[in-house]
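Asker: below is the sequence, then the predicted model.
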Amino acid sequence: MIEIEKIAGPLRELLAEQEIIARCELLLRTYQIVRSAHLCEEEREDLVAQVGKRIAPGIFAGIVGKEPIFFDLPALDTYTQMNGRIFHFLHTKKYSKQDFSNASSRFLRSIPELRAMLLQCMTDRLEEFMKDAGYALTTKGERSMTFSAEKRNAQAFVLPSVRSLKIDDIQTADGVDCIILVPSSESLEPFVQFFQESGRSAEERDLQIWIMNLEKGTIDPFVGYTSDLDIYNQFDNPRLAEMVRNNWKRGGC
């Protein structure tokens, strides 16, 4: 494989600067680096052959696994948890408590920047997802988009967390599918809480809440159902919403 320096170089700089790095930050910065590389078709095909269709998740998986795809890129195969977040680092180096504290503080300072990256990743992926389902983008705002297909229209909202989803704030229009995309998290707890408190109300309002798994680059239903087979076929696990409803309801929801 010919090394693509416009991706490998920034990744080396990032990991040289941050030897201890939050898992979610590494993932988002990998997405950003791939996006900023503006790959040509030949470069894209080369990377797809190495890491799969979802390039950023594939590169990320190699870094936190044991086989980074680029030469001299460290494999961050060791991790710890700090303040509910997973941080990766090299097992071959010795780090002090102060090193870990500094890494945690640096991450907290980066949250506003990382939130903007997250929304960009999700917006890009949703636009691609809807295009593959036969929809054209008609309008695009900072956190919302509208799409149209033959005989169907959809309005989509992109939110940084399921915790920030307040269904009473979502305005819907007759004859327009309402889609809300939220990212997966390192814990199921916020999704269980939302389902228990607002799942039924969301279904009654015909809202479709989808989850993007950034580590896989996939989108799946969480609450609500689509009647569009073209969208259904784009989901990685199209029965996820049904499984959540059946299993979590039995758990006391």
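Answerer: Happy to help now that I have it.
Asker: residue contacts, the residue nearest the centre of the chain?
Answerer: In the chain, the centroid-proximal residue (CA atoms, centre = their mean) is Leu214; its distance is 2.7 Å. For Leu214, the contact set (CB atoms under 8 Å, 6 or more residues apart in numbering) comprises 27-28, 31, 57, 118, 121-122, 183-184. Where C-beta positions appear, they are placed from N, C-alpha and C, glycine not excepted.
Asker: state the distance from it to Cys121.
Answerer: Distance, Leu214 to Cys121, by CB to CB, to the nearest Å: 6 Å.
Asker: what's the overlap in contacts for these two?
Answerer: 28, 31.
Asker: isn't Tyr95 right next to Met82, touching?
Answerer: No. Judged on CB atoms under 8 Å, Tyr95 makes no contact with Met82 at a distance of 12.0 Å.
Asker: check contacts around the residue nearest to Thr218 when sequence neighbours are not counted.
Answerer: Leaving aside its sequence neighbours, Thr218 sits nearest to Asp236 (CB to CB, 6 or more residues apart in numbering; 3.8 Å). By CB under 8 Å, 6+ apart, the contact set of Asp236 is 213, 216, 218-220.
Asker: same question for Gly52.
Answerer: Counting by CB under 8 Å, 6+ apart, Gly52 touches Gly58.
Asker: could you report the pLDDT at it?
Answerer: Per-residue pLDDT puts Gly52 at 92.
Asker: how near is it to Met117?
Answerer: Distance from Gly52 to Met117, by CB to CB: 21 Å.
Asker: and for Gly9?
Answerer: Distance from Gly9 to Met117, by CB to CB: 19 Å.
Asker: these two - which one has more neighbours?
Answerer: Met117 (18 against 14; other CB atoms under 10 Å).
Asker: the more buried one falls within a helix, correct?
Answerer: Yes. Met117 forms part of a helix when assessed by DSSP: H, G, I helix; E, B strand; the rest coil.
Asker: mind listing what it touches?
Answerer: Met117 neighbours (CB under 8 Å, 6+ apart): 28-29, 31-32.
Asker: at 10 Å instead, please
Answerer: Counting by CB atoms under 10 Å, 6 or more residues apart in numbering, Met117 makes contact with 24-25, 27-29, 31-32, 35, 110.
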